Every structure is written in C-alpha cells, then in structure tokens.
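**Student:** fold the following.
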Amino acid sequence: MKRKRKIVQFRKAVRPVTDPIINPILDLAESGRLSGILLLIATVVAMIWANSAGGESFLSFWEIKVGVPPLEKTIGHWINDGLMVIFFFFVGLEIKRELLEGELSKLRQALLPGVAALGGAIVPATLYLAFNAGTSAVDGWAIPTATDIAFSLGMLSLLGNRVPFALKVLLTAIAVIDDLIAVLIIAIFYTHEIDTTMLLYAGGTLAILFALNHFKVRRFIFYLLPGLLLWFFVLKSGVHATIAGVLLAMTIPLDEVDDLEHALYKPVNYLIMPIFALANTGIVLAAGGVAGLLTAPLSLGIISGLFLGKPLGIVLLSFLVVKLGLAELPTGLRWRHIIGLGFTAGIGFTMSIFITSLSFADVVLQDTAKLAIMVGTLLSGVVGLIWLVKVEKTLAEG
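**Tutor:** Numbering: from 1, shown residues only. Next up, the predicted model:
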C-alpha cells in the first residue's frame, strides 16, 4: 500500500512538469494532426541530414543489405516492399469497411465521391503527360493522381468546426476511392515481368484466406501465416509486394476490421509513415540547383497535376454528375466547399512518393519528383486552408 501511495504521489508531483508537454501531443493525436506533423518532421530531418556533412553516410544507410537469399534486400527496399505492406493492409481495411458498410456502401452515396476521385486522377495524369509525353519521365504519369488521406484530413482538422463535418466525410470517401485507384494503377501499370508459377501460388494462398473467412474463422492470428506466404509469393511474382497487403485485407471478416484498424492506426500513422518519409525524402540539393529542378518538365507536371489538376478534376466531374441528377451535394455543402476540398485533395505526399519509387530507377528523376511532390503538396494544403477559411467567413457574414 505504501509503495502504491508513493507512486501516486510521484505522479502527482511530476504532472505539472509533464502536462504542458504531453497534453498538446494528446490533443494533436486526437485531432488527427499529429500524423501530418510527424511526416513533416521526418521530411525536414531527412532533407537536412542528406545535405549535411553526414549526408553520404545517411543515404548509404538505406542501401545496406539485410536478410538472407531469397530475401536479401536493402533497408530501403525492406521499408518500401515490407513495412509499407502494413500501410497498404491498413488502406485495404479502410476500403473494405467503406465499401461494405460506410459511405460507399450504397451506389447513390458512392457515385459523387467515386466520380470526383476519378476526375481527381484523370486530370492530374493528363496535365502531367502534357509536360512529359515522349520524355524519359513519362512513366511517372501516376504520381500526381494520389491523395494522402491522413495528411489531407489532418490539414482539414486544423480548421476544427469551422468547416462542415460533411466536407470531412466527403474528403474521406474521395481519398479512400483514390487509394483504391492507386492500388489498381500499381497492380496494372507498375508490374513488369510476371512469374506465373509464383502468381499461381499467391492465388492458391488467397483462396485459403477466403476459405478461412467463409468458414467464419475470426481470429487474425490464423490469417497471419497465410498472409506472410501471400506477401512472399506476390513479391516473387513480379507484382508489387504491397498489393498483398490490400488482398489480405479483403479476406478479413468484416466484424474484425474495426478492431484491426484501431490496433494499426497508431503504428501506421506514427511509426511506419514517418519511417517511410525519412527513408524516401533525403533529397540532395545541389547549390543553386533547386530552381532548375522545379522548372523541369517533370516537376511542372507533378506540381500542376497536384495543385491544379486535382481541384479541376474533382470539381468538374462532381458538377457534371450533380447537374445530370445522378447525385447531389451533401447537406450543408456549397460548390465553394468542393473547390476547397479539391485543393486539399492535392496533398499527395505518401502515395505520390511511393509511386515515384516505382516509376524511376534514376536517382536524379526520383529526387526531382520528390521535391515537386513536396512543393505541390505544400501549395495545395496552404491554398486549400486559406480558401476554406474565406468560404466560412463569407458564409458567416452573409
């Protein structure tokens, strides 16, 4: 009893010291902003470190090979082909939940965000190709099609209750469909040589996982070993390994999805995504070379795709489907809100950087694309926030 009393007294003594540090962090976590802040910190650290005196050792670290044949990969590859599978598994769980019981479970509800997301992919890709068709950078056409769901929602959360809740719901639905589009793009367009034997093994493993679901096996532990085998077979088949994460998510029983999402939310947002950013945003900036990088056709295609293509595609196709009477704007939203949402959806970051790593083997092209993604994301986020603040101020005054 004395020991417990001392512990309680100690906690009471240190709380005045720790509360000013802990409470703001908890508030950021609850609001959804902490994930975006950690991504920014990881990005800034990576860029400063890569351009410091220890930059060469920092970049070399990610090239260290770890593992044994047939699973010997660099640390960077383990992050992109291994750790990011958990991120894609998390994305797959979100997609499944929304399709089966969320905002996308009914056709009329899903039509507006579905068409908006499609426009938000087609127009950015078209703008990118307008700058890069016929060049060595043409393979990066999918880079500006992505929306970072955590980062974009974190940006909206900065406005708190000043924006309608329906706007956050619509952005979430668009971002989920956007993730689905990105998964399909990766599976179809960024798969090169196929090992049909490994693909058949992957198909057989996937069948076993669906059988577990069919026979109402609920505990995730029974899905884990087949899931690891699925990842290995997909990795060796030539299809990008992260697709295994999405496929595994589709086999998880629906009543287990919420628990798994809850369990993975913090590891994915506060650990995996910052590690990914740290490993992939160490861009070496040559003295006086930043302006040259940002005016290259590759950069212009990405920046215009994210900053202009996203709002144009989302607004134009949303307007079309509403005017045709096939869908309607959610209650409380105006077209001015949709424009602001369009800019916010231009926050590509995580998925855009991931697609960059699949698009280019050339380090210069990768670094140029990553820098452009940062600029496009920053422009989209800042303009989106300013636009929505002005919209709400105008509506309040009117």
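**Student:** element containing residue 128, please.
**Tutor:** Per DSSP states H and E: residue 128 is located in helix 107-132.
**Student:** what's whatever helix or strand comes next after that helix packed up against?
**Tutor:** Using DSSP H and E, the helix or strand that follows helix 107-132 in sequence is helix 149-157. With contacts taken as 3 or more CB pairs under 8 Å, 6 or more residues apart in numbering; DSSP states H and E, helix 149-157 sits against helix 34-50, helix 165-189, helix 335-344, helix 349-359, helix 363-397. All C-beta atoms are positioned from the backbone trio N, CA, C, and that covers glycine.
**Student:** pLDDT (mean, whole number) over helix 149-157?
**Tutor:** Mean per-residue pLDDT for helix 149-157: 84.
**Student:** just the residues contacting that helix, thanks.
**Tutor:** With contact meaning CB atoms under 8 Å, 6 or more residues apart in numbering, helix 149-157 is reached by 31-37, 39, 91, 94, 163, 167-168, 171-172, 175-176, 178-179, 269, 273, 344-345, 347, 349-350, 377, 381, 384-385, 388.
**Student:** circling back: nearest to residue 71, out of the helices and strands packed on helix 149-157?
**Tutor:** helix 349-359 (18.9 Å; CB to CB).
**Student:** what about the closest one, distance to the chain center?
**Tutor:** Centroid separation for helix 349-359 versus its chain: 9 Å, with CA atoms, centre = their mean, to the nearest Å.
**Student:** same thing with stretch 224-243?
**Tutor:** Using CA atoms, centre = their mean, the mean C-alpha position of stretch 224-243 is found 20 Å from that of the whole chain.
**Student:** swap in stretch 336-350?
**Tutor:** 14 Å.
**Student:** list the buried residues of that stretch.
**Tutor:** Within stretch 336-350, the residues that qualify as buried are 337-350, counting by 16 or more other CB atoms under 10 Å.
**Student:** between the residues you listed, which sits nearest residue 228?
**Tutor:** residue 350 (23.5 Å).
**Student:** now that closest one. Nearest residue, chain neighbours left out?
**Tutor:** With CB to CB, 6 or more residues apart in numbering as the criterion, residue 350 has its nearest non-adjacent residue at 4.8 Å, and that residue is residue 148.
**Student:** my read: that neighbour touches residue 352, true?
**Tutor:** Yes. Using CB atoms under 8 Å, residue 148 is in contact with residue 352, at 7.5 Å.
**Student:** need the overlap of contacts for those two.
**Tutor:** Counting by CB under 8 Å, 6+ apart, the residues touching both residue 148 and residue 352 are residue 377.
**Student:** what separates residue 396 from residue 163, distance-wise?
**Tutor:** Separation of residue 396 from residue 163 (CB to CB, to the nearest Å): 12 Å.
**Student:** neighbour-wise, which of these two wins?
**Tutor:** A side-by-side neighbour count of residue 396 and residue 163, using other CB atoms under 10 Å, places residue 163 first with 24 against 8.
**Student:** isn't residue 312 right up against residue 343?
**Tutor:** No. Counting by CB under 8 Å, residue 312 does not reach residue 343; the two are 10.3 Å apart.
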